[in-house]
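# Sequence below, structure please.
(chains A, B, C, D, E and F)
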There are 6 protein chains.
Amino acid sequence: MRHVCPTRGGEGEPLLSNTEVCRIVELASRLMFPGFFTESYRGQSVMRAVMTLECHELHELLSRQIAAGLCFDRDNCESSVEEIHKRANTDADAFIESLPELRRVLDTDIDATYLGDPAAVSTHEIIACYPGFRATISYRIAHRLQLLEVPIVPRMITELAHSSTGIDIHPGASIGKSFVIDHGTGVVIGATAIIGDNVKIYQGVTLGAKSFVTDDSNNPVKGIPRHPIIGNNVVIYSNSTILGRITIGDDAVIGGNLWVTRDVAPGEKLIQARADNFRSTR
Amino acid sequence: MRHVCPTRGGEGEPLLSNTEVCRIVELASRLMFPGFFTESYRGQSVMRAVMTLECHELHELLSRQIAAGLCFDRDNCESSVEEIHKRANTDADAFIESLPELRRVLDTDIDATYLGDPAAVSTHEIIACYPGFRATISYRIAHRLQLLEVPIVPRMITELAHSSTGIDIHPGASIGKSFVIDHGTGVVIGATAIIGDNVKIYQGVTLGAKSFVTDDSNNPVKGIPRHPIIGNNVVIYSNSTILGRITIGDDAVIGGNLWVTRDVAPGEKLIQARADNFRSTR
Amino acid sequence: MRHVCPTRGGEGEPLLSNTEVCRIVELASRLMFPGFFTESYRGQSVMRAVMTLECHELHELLSRQIAAGLCFDRDNCESSVEEIHKRANTDADAFIESLPELRRVLDTDIDATYLGDPAAVSTHEIIACYPGFRATISYRIAHRLQLLEVPIVPRMITELAHSSTGIDIHPGASIGKSFVIDHGTGVVIGATAIIGDNVKIYQGVTLGAKSFVTDDSNNPVKGIPRHPIIGNNVVIYSNSTILGRITIGDDAVIGGNLWVTRDVAPGEKLIQARADNFRSTR
Amino acid sequence: MRHVCPTRGGEGEPLLSNTEVCRIVELASRLMFPGFFTESYRGQSVMRAVMTLECHELHELLSRQIAAGLCFDRDNCESSVEEIHKRANTDADAFIESLPELRRVLDTDIDATYLGDPAAVSTHEIIACYPGFRATISYRIAHRLQLLEVPIVPRMITELAHSSTGIDIHPGASIGKSFVIDHGTGVVIGATAIIGDNVKIYQGVTLGAKSFVTDDSNNPVKGIPRHPIIGNNVVIYSNSTILGRITIGDDAVIGGNLWVTRDVAPGEKLIQARADNFRSTR
Amino acid sequence: MRHVCPTRGGEGEPLLSNTEVCRIVELASRLMFPGFFTESYRGQSVMRAVMTLECHELHELLSRQIAAGLCFDRDNCESSVEEIHKRANTDADAFIESLPELRRVLDTDIDATYLGDPAAVSTHEIIACYPGFRATISYRIAHRLQLLEVPIVPRMITELAHSSTGIDIHPGASIGKSFVIDHGTGVVIGATAIIGDNVKIYQGVTLGAKSFVTDDSNNPVKGIPRHPIIGNNVVIYSNSTILGRITIGDDAVIGGNLWVTRDVAPGEKLIQARADNFRSTR
Amino acid sequence: MRHVCPTRGGEGEPLLSNTEVCRIVELASRLMFPGFFTESYRGQSVMRAVMTLECHELHELLSRQIAAGLCFDRDNCESSVEEIHKRANTDADAFIESLPELRRVLDTDIDATYLGDPAAVSTHEIIACYPGFRATISYRIAHRLQLLEVPIVPRMITELAHSSTGIDIHPGASIGKSFVIDHGTGVVIGATAIIGDNVKIYQGVTLGAKSFVTDDSNNPVKGIPRHPIIGNNVVIYSNSTILGRITIGDDAVIGGNLWVTRDVAPGEKLIQARADNFRSTR
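You can find the predicted model right below:
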C-alpha cells in the first residue's frame, strides 16, 4: 500500500491506538477545564496532585502516539527509532505548553455559544453537553498537533469526535475565535478551509471541495487549496453546501439548503429559490 | 461562569454523571419493555425479581442525578442539601409512576413506525434496532423530567441519544402520539417546537429558530416561542429546514431539501423548485 | 407483536446480542485485514496463531447469533432447535469462506477512496480512520449474511455502523465495486436500492422511497422495489435526496441539496435552481 | 491417566471451574446468612428479590458444576449427556432444599465458638472473620454434596477453603454439631474420620491415617476406614497428631504436640512427656 | 445475636468491607515504604503527587471503615451517625499521623530479619517477599487502631494477613521492636500476649491460652490476661505450644515441638524429651 | 539498604511484578499440562494455536521479570540495560527448553502421590486440586530458574505458592523424583536441604537450620550448608522438626511431632517419647 514505510513494524515500535488517542483528548480537556470531564469530586487540596499526574500521563501517551504516527509515516523512513522518540518528546512538550493558549481561544467559543443560544442555561452546560463544543475542542487540539506536523494522530482525533458528534472538521482547517457550531450533525469542514472570527454554522453544512487537480498518473495532487474561505461574522444555516475555493465575505448570511459554488459578497444574504407546490398528488 | 451556584460543590454533594444518566435511560427502557435491552435471558420466574431490583436501582440513580442537577442550578442556591434530596426523591417517585403512561404513548410510536416502513420485519425489530425509536424513547423520558422541572438532566439524556443516533430533540419540545422519525441522522427539533399526532419526519430535517430576541445587554431572552408548530398527519421529507414560529397545517407534506420560513396551509404540498442543468462542465 | 414466534424464548435458546454482533464485525475485519483493527503488535510468527483463534471465535459467535436470529424469526417457528443450530453452523461456514472474496471487493473501495481524496495520506489511513470505509465494510459483511437469508443480524450490523458513522445502508441494497462514501454523516441507502460500479456519494445523500404500496388492511407490502437504481460512475453531492424507483444513468452528476424524483439521463448534470437574495433583512 | 473417562471432553460438555465453585460457596453462604458475605447494603424490601436471584444463580452454577463433575468421573462413562444434566439438576435441587438444615447445624457451631472464645466480641464477628468458621461452612456444604455422591466438586470446595484458611477437612469426614476449630492453620481431618458433638480442635492438629492397605498390584485400597473416631466433648490442643483408626473417648483431653496412635479412654487427659534441658549450648 | 446494635443497619450507614480494609493496609504500607508494594514505576517527580492522593484515599477509606466498625459495635448504640463520623475522622487523622513512628519500628524488624537469615539477599527482598514481615506490618497497623479502640477493623486486618500468610496475630497483643517471624505458617499469638524486644519465632508456634474463666451464666469473661509473657532475646523453635499466663524469661531458648505450660527461667534452654525407636514395624 | 544497586531505577527499566510472576507460573503449568489450569474448553484444533500464543507470552513475561530481577541485584550494577535484556532473553529461552524435562519429573511426583493416597480418585484430581502438587510444580519451576542464577524471581515464585498452599520450599533446595507432600500446610524446606528420591513429607514438617555462622561484623555468612540431607524412600510424619546439616538415612521413618537434631541411621524408625497423663485436672 501507499505512503507507509515498508521497513517499519518491528516489535519494539509504538503502535497507533484509538484508546490512547481518546484518552489524550480527555486528559487535555481536563487540564484545560479542571473539574469538568470527570465524575468523581476532588477537593481543592488534591486537585493539584491529580493535575500533576494527569499531565504526566498526557505526556507519556502523547509522546508514544506521536512516535507511532511518525513510524507510520513514509517521510520518516530514514529516521532511527531514537530520533523519532526524541522528536515525539519535543512535540509533546510543545503541545502541553500550548494548553493555556488553547484554553483562551476555547473560552471565546464558549462565550459565543452562550450568547447565541436562548436554550443554553449556563456556560457549564455548554462545556458538559454541547456536541458542537466537543467537536471544537477536539479540532483545536488536533489542529495544534497538525501545526507541529504530527502525522495521522490529528486525523484520528477528529474522526473520534466525528463518530460521537457527527461533526467532521479536518485538522488542517484554519478557524478563528468565537466559533460556534449549533447541533452540528452532518457538518463537514475540509482540510484547506479558512474561517474567520465569530462565525456560526448550523447542522448539515458542508465547506467542501468541488473538484481537484490530478497529476499525470491520475493521482490527486495533495495540498492545493480547494475549500472555501469564510469571512468574519458569517452565519450559515443548516444543510447548505459551500464548495470550492470561493470566498464568503464578512457579515454574509447563507440560508439553509443552498448549493453555493460562487463567491458571496460581504453582507450579502442568500436564500433558496421559492418552493413550488406539488403539481400532482403523491 | 453564568447561572451556576457559586457556593455549591462541597464534598458531600452529588455529581452529575453521564454514566449514571445513561444507566437511568437503560433501566427505564427495560422496565417499560421487559425482556428488551438486555442480553441475558431471564425466565419468567426471576423476571419479577430482576424488575424489583432494577426499579430500586433506577430510583437510587435518578434521585441522585436529580439532586445533582438541582445543586448545579442557580435557582436552588438557597435550598439546603436536605431540601434538595427530598425534592429529588419526590421527583424520582413521580417519574417512576409515570412509566406505564409513557409506555402507552411509545406503543403508538412503534405501531406507526411499523405501519409506515415496508422494511420493518416486526415490531420487536423496531424496539431493538431503530435509532428513530431509540431517540424517541430518550426524548419521552427526558420530556417527562423536564415537566418536573428537573434541571440539566433532561438535556444530558437527549444529548446521549444525539451522540448515538444523530437525532437531536430538545427535551422542552412537545410531541404528540404516533410519532415517527425514519433513519433520522441530522434531525434537530428545537426547545419550543410543538408537534401534533401522527407526524413523520425524515433524516436531516430541522425544526429550528430563525432568529431570537436579545435583551438590553445583548443576551438572548430565554423561553420565548421561536420554533415551528407542526399539525397532525404532517410528513416532512429529508433535509428540509423549517425555521421560526410558523405553523405547518394538518395533513401538509413538505418535500425534501426545502428552506421553509413561512406558514404552510393545511393539506398544502411543497416541493423544491425545479433543478437546472449545469451550465458548464465541472 | 407481529412476526415473532410466540413459542420461542425457552431457557436454552441463544439470544441476540449487540455486543457479540459488534465483535463479529471486528473479527471479520481483522481476518480480512490482518494487522489492522488491533492495538497490540503481534510478530509474524504469532500472527497465524492469533488468526486461527479469531477464526474459531468468529465461527462460534456468528453461528450463535445466526441461530438467535433464526429463533427470533417467525418463519422458523416450525424448526427444532437442533435444525436451527445446524443451519446456523452451515451459514457461518459459508460466510467465513466468502471472506477472501469480500476482501477483494473492499480493496477496490479502498483504491477508489484513495484516488478520489487529496487529503488521504495513505491507504492505511483509509482502513484505520475513514467512517465511509467503516460503513462500507459493515454493509458488505451484512449484505453477505442477507444473501444467506439470515434474519435480523444483518440489520443489527448496519445499525451499529449507523450509530458510529451516521451512515445508514440497508443490508438489502446492492452495491457494485469501487464504491466511495465521503464524510458520510446522514447518508441513507434503502433496502431495494441498486448501485453500479465506481459510484461516489457525499454526506447527507438519501437514496430513499417516495411512497409505498399498502395492502387491504393498510399494511405496507414488503419487498416491492421502491428505491433508486444508480448507474456506473455516478457522483452525488452532499444532502441531495433521490427518491423512488427511478434510474440515474451512467456518468450522471447530481449536485448538492437537490430533491430528485424523476429519472436522470446518462451523463446529465443537475444543479440546484439559482438562489434568491433575501428580500428583507432578518 | 487413571479413573477419567477417555471418551469425555466434547465441546458441549460443562467444565469444572474453580471460579464457579467459589461463587457456589459464596451464594450458599449468603442464602444461609442473609446480609453477611456481601459488601453493599440492601434494604429489607429488595432483600427478597436479591435472594430469589441468588438462589436462581446458585442452582444454575451448581447444576453445571455437578454435571462437570459427573462427566469427569469414570463411573459415568456410560451415561448420556442428557442423563448427566438431569441428575445434576436433581442433585442441585436436593442441595438447595437442605440449606435450612445446614443453617441449623452451623448455628450450633457459631454458638460453641462464641462460648469458647473470650476474644470473640459478637457472633457477627465469628461469621464475618473467623477462619475456623469459614472452613466449617465449606466443609458442611461439601459434605452435603458428598452425601449426594457428587464427584470431585466437594473436594474442590474444601481445597479452596484449605487455601484461604490453612484448614484441610476432607468432605468425606463426618462431624457432629457444635464443632469448633480455633485459629486452625494446619488442621487436617481425613476422609474417614468420625467426630462427635461439641468437639474443639486447635491449630495444627492432624486426624490422619497411619498406614493403608494395598492390593496385589500395590495400589492403595480405597474406602477402608483409616482415620480416628473422636467422641463427644473432646478437646485437642495445637499441633497434636492423631493417627489411625483409633478411638478417642468422650470428654478426653489431648494436650498439644502429641503423637497419638493408640486408643484414649473416655475422660483421659494426655500430656507431652516432660521436656529436658539442653545438654549443650546451641 | 450478641453484642450488635439492634437499631443499626439504616440505608445511609457505612458497611464493613474486606476489600476496603485490604486497600487500607496496602495504602498504609505504600506510604511507609514509598516505591514498594506497587507495580508501575513512578519517577521522583510524580511520586509526591501519588503520595498525596494515596494519603487522601487512605483517609477516606479508613474513616469510612472506622465508622462502619463503630456502627457495628453495641457500645455505640447511643451515638448519632454524625458523632460516629466525627470520631472516625479523628481516629483516621491520628492513625495517619502515627505512620512515621510505625515505620521506625518496622525498620528494626527488617534489620533483625536480615541479620538472622543467611538466605536473605537484601532488605528489599524482605519487604517485598517475606510473609513474616507482611504479617508483622499488618499486626502493627492493626495494633495501632486497636489502641484507638476502633472496633472489629483491627481484627479484619489481621485475619486478612492470616489468610495470606498463615500467621495469626491478635491485634491486642503487645510486641516489642526487632521482632522476627521466620516462615511463619501456623503461628498463633493471642490477644493478651506480651512480647519483649528482639524475639524470634518460627513456624507453627502458639502463644495461646490454656483455659479461661467463665461467669455465672457460663460465658467466658472477656479481657482477663491468659496468654504468655515473653522476655527479650527469646527464640522459640517451630511448632512449640506455649500456653497460659506464664513467663518465658529473657534470653531463654524454647526448642521445637514442645508443650510448655510453666514459667521458663531467664537463659533456660528447653528441648523435647529424647525420642524412642518404634517398638514394632509400622 | 543492602545489596541493591543504588544507580538502578531509571524510567525505562523493567519492574518486578507479582502479577506477572503469577502468570508465568500459570503459563508454564499450562504448557506442561495442556488442558489443565484453564477454565474454557478448547478443541484439539485450536489447542496448538493457544499453546503457540501462551509460549510467546511466557517468553515475553519471563524475560521481562528476569531482567527486572537482574536490575534489582547488586551484582549486575555494572551491566548495561542492553546486556541485561540479552541475558534475560537467553535465560528465558533456556527455561522454556527445559519444560519437557520438568514435565517428566513432575509425572513421577504425580504417580507417587496417587499410589500413596487412598483418597485420590484420579491423577487428574491431583493435578487440579492437590496443594502439595501445586507447591511442587512451583518449586520445580523456581529451582530451574535458580540454576540459571536468576535473582529474586525464584523466591517470588515459591512465596506465591507459600501464600496459597502454606508450603514454603526454598528454590535453592535440591529434591529428587517421586516427591510427595501430603496436605502440606506448614511445611518448610530450607535453602540448602538435599532430598533423595521417593520421599514423602506430611503437613507441618520443617527441614530447617539449627544455627548459622556469622562473620566478624556479625552478619550471617551466606551459602554455607545448614539444612538436612534426606535419603531415598524416607517418610516424615506431620509436624516434625528436622534441624541442621544432619543426615536422615535411606528408608528411615520419622514419626510426627519430633524434634530431630542428630543423624538418623538408614532404616531407623523414630517415635515420640510416650505421653504422660495430666497430673492435675485443667
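# switch to C-alpha atoms for all contacts and neighbour counts from now on
OK.
# Does the closest residue to A:P154 other than its chain neighbours fall in a helix, a strand, or a coil region?
Closest residue to A:P154 apart from its sequence neighbours, by CA to CA, 6 or more residues apart in numbering or on different chains: A:A142 at 4.3 Å. Taking DSSP: H, G, I helix; E, B strand; the rest coil as the rule, one finds A:A142 in the helix state.
# neighbours around A:A142, how many?
Residues contacting A:A142 under the criterion other CA atoms under 10 Å in any protein chain shown number 25.
# Can you tell me which residue is spatially central in chain A?
For chain A, A:Y139 is the residue whose C-alpha lies nearest the centre (CA atoms, centre = their mean; 2.1 Å).
# Tell me which other helices or strands the host helix or strand of that one touches.
Secondary structure assignment for A:Y139, by DSSP states H and E: helix A:131-147. With contacts defined as 3 or more CA pairs under 8 Å, 6 or more residues apart in numbering or on different chains; DSSP states H and E, the packing partners of helix A:131-147 are helix A:18-32, helix A:99-116, helix A:123-129, helix A:153-165, strand A:168-169, strand A:180-182.
# With respect to E:M156, which of the ones you listed lies nearest?
helix A:18-32 (37.7 Å; CA to CA).
# Next, see if the closest one gets close to chain B.
No. In terms of CA under 8 Å from any CA of the partner chain, no part of helix A:18-32 sits within range of chain B; the closest distance is 14.3 Å.
# for the helix or strand that that helix is followed by, what is the average pLDDT?
Toward the C-terminus, helix A:18-32 is succeeded by helix A:44-72 as the next helix or strand (DSSP H and E). For helix A:44-72, the per-residue pLDDT values average out at 90.
# Break chain A down into its domains, please.
Under automatic domain parsing, the residue ranges defining each domain of chain A are A:1-166, A:173-282.
# Least confident of the ones you listed, on average?
In terms of mean pLDDT, the lowest-scoring of those is domain A:1-166 (a mean of 88).
# which parts of chain A sit against chain B?
Among all residues of chain A, those adjacent to chain B (criterion: CA under 8 Å from any CA) are A:39-43, A:115-119, A:121-125, A:129-131, A:164-166, A:183-186, A:203-204, A:211, A:238-239, A:255-257, A:272-278.
# again, only this time at 7 Å
In this structure, chain A approaches chain B at residues A:39, A:41, A:43, A:115-119, A:121-123, A:129, A:164-166, A:185-186, A:203-204, A:238-239, A:256-257, A:272-278, judged by CA under 7 Å from any CA of the partner chain.
# Any of these buried? List them.
The neighbour count (16 or more other CA atoms under 10 Å in any protein chain shown) marks A:41, A:116-119, A:121-123, A:129, A:164-166, A:185-186, A:203-204, A:238-239, A:256-257, A:272-275, A:278 as buried among the residues of chain A next to chain B.
# coming back round to it: can you tell which of the domains of chain A is closest to F:C22?
Closest approach to F:C22 among the domains of chain A is made by domain A:1-166 (24.3 Å; CA to CA).
# just to revisit the earlier point, out of the domains of chain A, deepest packed?
Across these, the average number of neighbours (mean count of other CA atoms under 10 Å in any protein chain shown) peaks for domain A:173-282, which reaches a mean of 21.
# now it, how far from the centre of its chain.
Distance of domain A:173-282 from its chain centroid, counting by CA atoms, centre = their mean, to the nearest Å, is 16 Å.
# what does stretch A:147-156 give?
Between the centre of stretch A:147-156 and the centre of its host chain there is 11 Å, according to CA atoms, centre = their mean.
# Please apply the same query to stretch A:161-175.
Here stretch A:161-175 is found 4 Å from its chain centre; the criterion is CA atoms, centre = their mean.
# And that stretch, end to end?
For stretch A:161-175, the separation between the terminal residues is 17 Å (CA to CA, to the nearest Å).
# Is it correct that A:D182 is in contact with A:G132?
Yes. The pair A:D182 and A:G132 passes the contact test of CA atoms under 7 Å, sitting 5.9 Å apart.
# just to revisit the earlier point, how distant is the helix holding A:Y139 from the center of its chain?
Shown here is helix A:131-147, whose average C-alpha point lies 4 Å from the average C-alpha point of the whole chain (CA atoms, centre = their mean).
# repeat for stretch A:117-136
Its chain's C-alpha centre lies 17 Å from the corresponding centre of stretch A:117-136 when counted by CA atoms, centre = their mean.
# for it, how far is the first residue from the last?
Using CA to CA, the span of stretch A:117-136 from its first residue to its last is 16 Å.
# how about the residues of the stretch 51-200 of chain A near chain C?
In this structure, the stretch 51-200 of chain A approaches chain C at residues A:156, A:159, A:163-164, A:166, A:186, A:191, judged by CA under 7 Å from any CA.
# And the furthest pair within those residues?
A:S164 and A:A191 (19.9 Å).
# Please convert the domains of chain A to CSV, extending it with distance to C:V105.
Below are the domains of chain A laid out as CSV (distance: least, CA to CA, whole Å):
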stretch, distance to C:V105
domain A:1-166, 16
domain A:173-282, 21
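# any idea which helix or strand carries A:N233?
Following DSSP H and E, there is no helix or strand that holds A:N233.
# Quick check, it in contact with A:D251.
Yes. A:N233 lies in contact with A:D251 (CA under 7 Å); the separation is 4.8 Å.
# is it true that A:E20 touches A:E60?
No. Applying CA under 7 Å as the test, A:E20 and A:E60 come out as separate, 10.2 Å apart.
# Return the residues in contact with the residue nearest to A:P154.
Contacts here follow CA atoms under 7 Å, 6 or more residues apart in numbering or on different chains; on that basis A:A142 touches A:154, A:157-158, A:171.
# quick one: which of the residues you listed is nearest E:A92?
Set against E:A92, the nearest of these by CA to CA is A:I157 (44.2 Å).
# Give me the distance between that closest one and chain B.
Here A:I157 is placed at a distance of 16 Å from chain B (CA to the nearest CA, to the nearest Å).
# before we move on, what about A:E60?
Separation of A:E60 from chain B (CA to the nearest CA): 27 Å.
# try A:A142
20 Å.
# Which residues of the stretch 51-200 of chain A lie near chain E?
Applying CA under 7 Å from any CA, one finds that the stretch 51-200 of chain A approaches chain E through A:52-53.
# any idea what sits nearest the closest residue to chain E within chain A, other than its immediate chain neighbours?
Nearest residue of chain A to chain E (CA to the nearest CA) works out as A:A49 at 4.5 Å. Residue nearest to A:A49 in three dimensions, not counting chain neighbours: E:A49, with 4.5 Å by CA to CA, 6+ apart.
# contacting residues around that neighbour?
A:49, A:52-53.
# could you redo these as TSV and give each row distance to E:L106?
Shown next, in TSV, are those (distance: CA to CA, whole Å):
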residue	distance to E:L106
A:A49	28
A:T52	31
A:L53	30
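# which residues are in contact with the helix or strand encompassing A:I242?
Using DSSP H and E, A:I242 sits within strand A:241-243. By CA under 7 Å, 6+ apart, the list of residues contacting strand A:241-243 from outside reads A:205-210, A:227-228, A:258-261, C:238, C:256.
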